[in-house]
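> following is a predicted model, sequence given first.
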Amino acid sequence: MKKIISIIIFGLLCCLPVSAYEVGEEVYLNACGNDPQEYYDKPLNIQNILLEVPNKIIKVEKSKYDREFQTLASSEVKLDNDNITISVSNFRDLVIKNKAGDILGQRKISGASSLYELKHKGKVVAWGVGWHKNCGNNYDTDFTAFRIFLPVKKNNKISIEQKLISLNLRPFYKATINSEKLIIVDAIEISGSSRAATYYYEGQKFYELDHSYGIKTIDTYEELYKKIDVSQLNPSRMVNILAGYYETEELTKYTKTNFDNIYKDLLTNHWNISYEFDNGDNLWDSISDLNISDEYIKALRALENRELLWEDFPPIAGAIPSIKKNCFKKDTYVNLKELVRNCYFFHSSYVMEFGFGDSKWFAVQTEFKDSKDLLNEDKDQRFKQFLEFNVTDMKSIVWGKKKEDMDHTFVEALIGIFERANGGYNVSEDKRYVVISGCEYKSCDTKGLVFIDTDEGSIISLIRHFDYDIDTPTDKQPGEWLILSMWHDKYKDLPKEFMDAVTEWRSSEDLPQPSIIRYVGGFNKEFEVIK
C-alpha cells in the first residue's frame, strides 16, 4: 500500500508545473507592449544610446502583480560626488534615491516596463520607462510612450525632472551623436486636414538633457543648427523642421538645392497627400496662377465634390515637374504660406499646420517688440493666427462708440486693441509665461491683455471695456472686464500666475477695480458673472 501511495505522490509531483526561470536569471521586455507577457534573453539596445537594464529574478514566487516571479532592475547616475540610484521592482514600482538613501522620486508604472538607460558618450545621463504599444509595428518610432527621469542639480540640491514623450532615436542619432549634451527627439504628430490625414509620430520636437537646467526644448533653428549636425537628417525631415521654425528663407534655399531628393524621399515614404495651405480661402482663386495640369485640376474638383477618393487620385509623381516649375519661378517668397503653395502644393499639410499654435515662439522671438509689430510687421501673421485659433469664436459684447463697432467677434475686438504701438511685451525669466498688453488706438482706456503659458500651450485673454449707453463719461467709469479661456471652465480655475500678471498690469496702468467681471470658459460660450 505504501508503495502505491509513493508512486501516486511521485506521479503528481512530476505533473506539477516547473518554472522555466531561476533566481539570478536576467529577463528583458524589449519595450514590446504596455503589458507584455513574453520575456526576452537579450536587452533592447538602440544605437548604444538607449540600453535596457536587466530585470534580475530575485524570487521564483508570484509577484503582487500576478507574474510568475519577482524582479529587480537598478541603475546609477553620477553627478559630481553624488550617486543617484533608480530601481524598478516587478516591472512596476519605481524608486529614485540619493546616496544617503533619501527618496527623490517614486511612482507606479501604469503598465509594465523595464528600466532603460539613456547614454551619451558612454555615460548614463538619464533613465526612462515605457513601451511601443504595437510592439514596433505600424508606427515609425522607437517608443510610443516613454517617461524620462533626469537628475538635476541646482544650488547643491538634487531633484528629478520628468517628461513623457514618444521617443524616437533611430532617425536622428547620427545628427546628435556628437552634441555636447544628450539631445533626444519626441515623435510628435503632424496635423492633417482631417484626423484620417494626420501623420502620426512623424514629426519631431528636440530636447536637450542638462543636469543643471533640466529637460530643455530647442526652440529656434539657430540653436538647433549649433547643437546638432543637420546635414545628417533626411530631406523630408529637414523640410518639416525648417517649416516648423518658420525659416522661410532657409527653406527656400534648401528646397531649391535639394528639390529632387526631397520629392524622392516624400514619394518613397508614401506620405498621405492632403491639401491644407489655403486655410479656408477659395481653392480655385488661390491656385489660378499655378502651373497645374488639367488632369489634376479635374481630380481636385472631383475631390471637392466628393466624386473621387484620395486613394483614386492620380499619382502625384506625375505632377512633380509642374510643381518644380512653380517653385523655381521666384527667387524668394514673402512668407511660408506662399513658399508652400508653390513648392509643396500636394504635401502642404506635412509642411505647415492650419493656423499657428507654437506658443513657445512668443517667449523666444526677438524680432518683434510689441503687439503692433506682431500684427503688422510679421509677414506670417503668427500672432493674429494664434489669437484666431485660440480665443473663443463668438460675437463680442465689447460695445463701441458707434453701432457698427458691435458687429464684430471677441477676436476682432482683441486684435483691434493690439494694433496700437508701444504695448507691453513681458516674458518670465524661465520663458514659461508671456504677457502681451495694449490699448485701442484713439481710445486708450479700452485695454487688452493676453497671458500665454508656453508649457501648457494655453492662452487667457482679458478686455477692459465700457458701457457707452449710460450718461457717465468713460473716464469716470472703472471699466468692465471680459475674460476668456478655452482651457479653464470656471473663473476659479484660472491659475495664480495669470492673476498675478493681471495685478501687476493693473498697477502699472493705474487702473481701478472693474465694476463687473464676465468670464467665458471652456467651450460652452456662456457668461459667468463674477461681480
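All right, it came through fine.

> all helices of the stretch 301-450 of the chain, in order?
Under the criterion DSSP state H, counting those that start in this stretch, the stretch 301-450 of the chain carries helices at the ranges 320-328, 336-343, 348-351, 361-364, 371-376, 382-390, 410-418.

> in terms of secondary structure, what does the last one contact?
Packing contacts for helix 410-418, counted by 3 or more Cβ pairs under 8 Å, 6 or more residues apart in numbering; DSSP states H and E, involve helix 371-376, helix 382-390, strand 433-440, strand 443-453, strand 458-465. (Each C-beta comes from the backbone N, C-alpha and C, glycine too.)

> what's the burial count for D80?
9 (other Cβ atoms under 10 Å).

> surely Q162 touches V152?
No - using Cβ atoms under 8 Å as the test, Q162 is too far from V152 to be in contact (10.5 Å).

> more crowded one of those two?
Neighbour totals were compared for Q162 and V152, and V152 leads with 18 against 14 (other Cβ under 10 Å).

> list the contacts of the more buried one.
With contacts defined as Cβ atoms under 8 Å, 6 or more residues apart in numbering, the neighbours of V152 are I158, S159, I160, E161, D210, H211, S212, Y213, G214.

> if you set the cut-off to 10 Å instead, what comes out?
V152 sits next to 79, 126, 158-161, 209-215 when contact means Cβ atoms under 10 Å, 6 or more residues apart in numbering.

> how much space between it and I459?
Counting by Cβ to Cβ, to the nearest Å, the gap between V152 and I459 amounts to 28 Å.

> buried among the contacts of V152? Need that as a selection in ChimeraX.
For the buried members of these, the matching ChimeraX selection, counting by 16 or more other Cβ atoms under 10 Å, is:
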select :126,158,160,161,209,210,211,214,215
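
> now the contacts of V152 in TSV, with distance to K97 and secondary structure?
Converted to TSV, the contacts of V152 look like this (distance: Cβ to Cβ, whole Å; DSSP: H, G, I helix; E, B strand; the rest coil):
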residue	distance to K97	secondary structure
L79	13	strand
A126	16	strand
I158	10	strand
S159	13	strand
I160	10	strand
E161	16	strand
L209	20	strand
D210	22	strand
H211	17	coil
S212	21	coil
Y213	23	coil
G214	20	strand
I215	21	strand
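
> for the stretch 151-300 of the chain, what spans make up the helices?
Secondary structure of the stretch 151-300 of the chain, counting by DSSP H, counting those that start in this stretch: helices at 173-176, 221-227, 235-244, 248-268, 283-286, 294-304.

> so which of those helices is the most packed in?
By mean neighbour count, with neighbours taken as mean count of other Cβ atoms under 10 Å, helix 235-244 ranks first of the helices of the stretch 151-300 of the chain at a mean of 21.

> helices or strands up against it?
On a contact count with 3 or more Cβ pairs under 10 Å, 6 or more residues apart in numbering; DSSP states H and E, helix 235-244 meets helix 221-227, helix 248-268, helix 336-343, helix 348-351.

> any chance of the contacts of V152 in CSV, with distance to I177 and pLDDT too?
Converted to CSV, the contacts of V152 look like this (distance: Cβ to Cβ, whole Å; pLDDT from 0 to 100):
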residue, distance to I177, pLDDT
L79, 23, 92
A126, 16, 98
I158, 27, 95
S159, 28, 96
I160, 26, 97
E161, 23, 97
L209, 14, 98
D210, 17, 97
H211, 19, 97
S212, 22, 95
Y213, 21, 94
G214, 22, 96
I215, 19, 97
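
> quick one on the thing from earlier: of all the helices of the stretch 151-300 of the chain, which one is nearest V391?
The stretch from those with the least distance to V391 (Cβ to Cβ) is helix 235-244; that distance is 22.9 Å.

> quick check: angle from the closest one to helix 248-268?
Counting by axes from the mean of the first three to the mean of the last three Cα atoms, to 10 degrees, helix 235-244 points 140 degrees away from the direction of helix 248-268.

> average pLDDT for helix 235-244?
Per-residue pLDDT values over helix 235-244 give a mean of 96.

> before we move on, what about stretch 459-467?
For stretch 459-467, mean pLDDT is 89.

> with stretch 372-383 instead?
Computed over stretch 372-383, the mean pLDDT rounds to 94.

> follow-up on the earlier one: could the helices of the stretch 301-450 of the chain be laid out in JSON lines, adding distance to I452?
Formatted as JSON lines, the helices of the stretch 301-450 of the chain follow (distance: least, Cβ to Cβ, whole Å):
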{"stretch": "helix 320-328", "distance to I452": "35"}
{"stretch": "helix 336-343", "distance to I452": "21"}
{"stretch": "helix 348-351", "distance to I452": "25"}
{"stretch": "helix 361-364", "distance to I452": "6"}
{"stretch": "helix 371-376", "distance to I452": "12"}
{"stretch": "helix 382-390", "distance to I452": "8"}
{"stretch": "helix 410-418", "distance to I452": "13"}
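
> most packed of those?
Highest mean neighbour count among those (mean count of other Cβ under 10 Å): helix 348-351, a mean of 25.

> what packs against it?
helix 235-244, helix 248-268, helix 336-343.

> can you rerun that using 6 Å?
Under the contact definition 3 or more Cβ pairs under 6 Å, 6 or more residues apart in numbering; DSSP states H and E, helix 348-351 sits against no other helix or strand.

> and it, how far from the chain's centre?
Distance, stretch centre to chain centre, for helix 348-351: 17 Å (Cα atoms, centre = their mean, to the nearest Å).

> could you check the distance from E509 over to G416?
Summarising the geometry, the distance separating E509 from G416, computed by Cβ to Cβ, is 18 Å.

> for L50, same thing?
L50 sits 51 Å away from G416, going by Cβ to Cβ.

> and H488, by the same measure?
Taking Cβ to Cβ, one finds H488 at 24 Å from G416.

> list the buried ones in stretch 103-119?
Quick answer for stretch 103-119 (16+ other Cβ under 10 Å): L104, G105, I109, A112, S113, S114, L115, Y116, E117, L118, K119.

> got TSV for these, with secondary structure too?
Listed next are the buried residues of stretch 103-119 as TSV, based on DSSP: H, G, I helix; E, B strand; the rest coil:
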residue	secondary structure
L104	strand
G105	strand
I109	coil
A112	coil
S113	coil
S114	coil
L115	coil
Y116	strand
E117	strand
L118	strand
K119	strand
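
> can I get the residues you listed in TSV with distance to G203 and pLDDT?
As requested, the buried residues of stretch 103-119 are arranged in TSV below (distance: Cβ to Cβ, whole Å; pLDDT from 0 to 100):
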residue	distance to G203	pLDDT
L104	32	96
G105	29	95
I109	26	96
A112	28	96
S113	24	97
S114	26	98
L115	27	98
Y116	22	98
E117	26	98
L118	21	98
K119	25	98
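
> in TSV: those, plus distance to M394.
Conversion of the buried residues of stretch 103-119 to TSV gives the following (distance: Cβ to Cβ, whole Å):
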residue	distance to M394
L104	47
G105	44
I109	43
A112	46
S113	45
S114	50
L115	50
Y116	47
E117	51
L118	46
K119	52
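
> what touches both of Q162 and V152?
Both Q162 and V152 lack any common contacting residue under the criterion Cβ atoms under 6 Å, 6 or more residues apart in numbering.

> just tell me which of the helices of the stretch 301-450 of the chain ends up closest to E25.
Checking those against E25 by Cβ to Cβ gives helix 348-351 as the closest, at 46.9 Å.

> avg pLDDT for the closest one?
Averaged over helix 348-351, pLDDT sits at 87.

> how far away is the closest residue to I436 other than its chain neighbours from N178?
By the measure of Cβ to Cβ, 6 or more residues apart in numbering, the closest residue to I436 outside its immediate chain neighbours is V450, 4.6 Å from it. Counting by Cβ to Cβ, the separation of V450 from N178 is 40 Å.
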